[in-house]
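Trainee: Based on what follows, work out the 3D shape:
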Amino acid sequence: MAMGSLFVLTVVLSAVIFNGSASAGHSGLSDTMSFGMAVELSVAMPLSWLPLISDYTRAARKPRTATAVSVIVYFLTSCWMYLIGLGAAVYTGQSDISKIMLQAGLGLAAVIIIIFSTVTTTFLDAYSAGVSFASIQKKAGEKPVAAIVCVIGTLLAIFTPIEQFENFLYLIGSVFAPMISILFVDYFILKKDCSGKPANFLNLLLWLAGFVIYRLFMSIDTVLGSTLPVMIIISILSILVNGGKKYVQRNS
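Mentor: All right, here's what the predicted structure looks like:
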């Protein structure tokens, strides 16, 4: 019901924005960012959802189909949201989403959109945190940990300035970019299974190195942002330090 209502309200928001009924303006659009920075902020969100969606596709009867559908739907809806954001900024002259919705004449509907979108995604985030913690500490229950994480996240959301959200996205990128690279190399290239170990300390060191490299790349404004270069570097390092030479010899 929540997702269906959210979809309908998003269609309404799209209609309001793109038929030009929202009053035009120019305030709030003076700030600019480089293309690389825009790419980086766009990459951070789907990258952070990659381990999260795995908590659900792992239980699917057809994991490949479930993954493909997830990728396609996420891609299409993300493009839709970005178009709405761009159109709203152009038509209303605002960058604040609450001001955009009020200026578009969406009072109660705007509140419902924000609540539904927050509740549905936060439930997934909290549950994923429980799954992740349970994979490290077997005695911990997924649901109790998810509830604790939900409370902590709510407190952080209340007391953390919204201006720090952009820095939070960069933090997400610096954590998940090297982690995903290591997982991809282990599973798809080296075909290693470390699930029986509490932790792989060599990969943890690589993860830390990737975090540092990402933070260094943030001072370099590349066209591709920071995520893609860091993922390439960490993938190569992961192959080299995790027996890549033996892998190449075995498959040559």
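
Trainee: what helix or strand does the residue nearest the centre of the chain sit in?
Mentor: Residue closest to the average C-alpha location in the chain (C-alpha atoms, centre = their mean): residue 45, at 2.4 Å. Applying DSSP states H and E as the criterion places residue 45 in helix 35-57.

Trainee: so for that helix, what's the average pLDDT?
Mentor: Averaged across helix 35-57, pLDDT comes to 81.

Trainee: Now tell me what touches that helix from outside.
Mentor: Contacts of helix 35-57 with the rest of the structure, by C-beta atoms under 8 Å, 6 or more residues apart in numbering, involve 33, 63, 66-67, 70, 74, 78, 82, 124-125, 127-128, 131-132, 166, 169-170, 172-173, 176-177, 179-180, 221-228. Bear in mind the C-beta positions are built from the backbone N, C-alpha and C, glycine included.

Trainee: again with stretch 202-214
Mentor: Outside of stretch 202-214, the residues within contact range by C-beta under 8 Å, 6+ apart are 173-175, 177-179, 181-182, 186, 194, 226-227, 230, 233-234, 237-238, 241-242.

Trainee: change it to 6 Å
Mentor: The list of residues contacting stretch 202-214 from outside it, by C-beta atoms under 6 Å, 6 or more residues apart in numbering, reads 174, 177, 178, 179, 182, 226, 230, 234, 238.

Trainee: Quick one: which of the residues you listed has the lowest pLDDT value?
Mentor: Minimum pLDDT across the contacts of stretch 202-214 is recorded for residue 226, with 88.

Trainee: excluding its backbone neighbours, what's nearest it?
Mentor: Closest residue to residue 226 apart from its sequence neighbours, by C-beta to C-beta, 6 or more residues apart in numbering: residue 217 at 3.9 Å.

Trainee: Then residue 74?
Mentor: The shortest distance from residue 74 to any non-neighbouring residue, by C-beta to C-beta, 6+ apart, is to residue 46 (6.3 Å).

Trainee: The one you found and residue 169: what is the separation?
Mentor: 11 Å (C-beta to C-beta, to the nearest Å).

Trainee: Neighbour count for those two, which is higher?
Mentor: The neighbour comparison of residue 46 against residue 169 (other C-beta atoms under 10 Å) goes to residue 169, with 18 against 14.

Trainee: Which helix or strand contains the more buried one?
Mentor: Assigned by DSSP H and E, residue 169 belongs to helix 165-184.

Trainee: and the direction of whatever helix or strand comes next after that helix versus that of helix 165-184, what angle?
Mentor: Next helix or strand after helix 165-184 toward the C-terminus (DSSP H and E): helix 201-217. Relative orientation of helix 201-217 and helix 165-184, computed by axes from the mean of the first three to the mean of the last three C-alpha atoms, to 10 degrees: 140 degrees.
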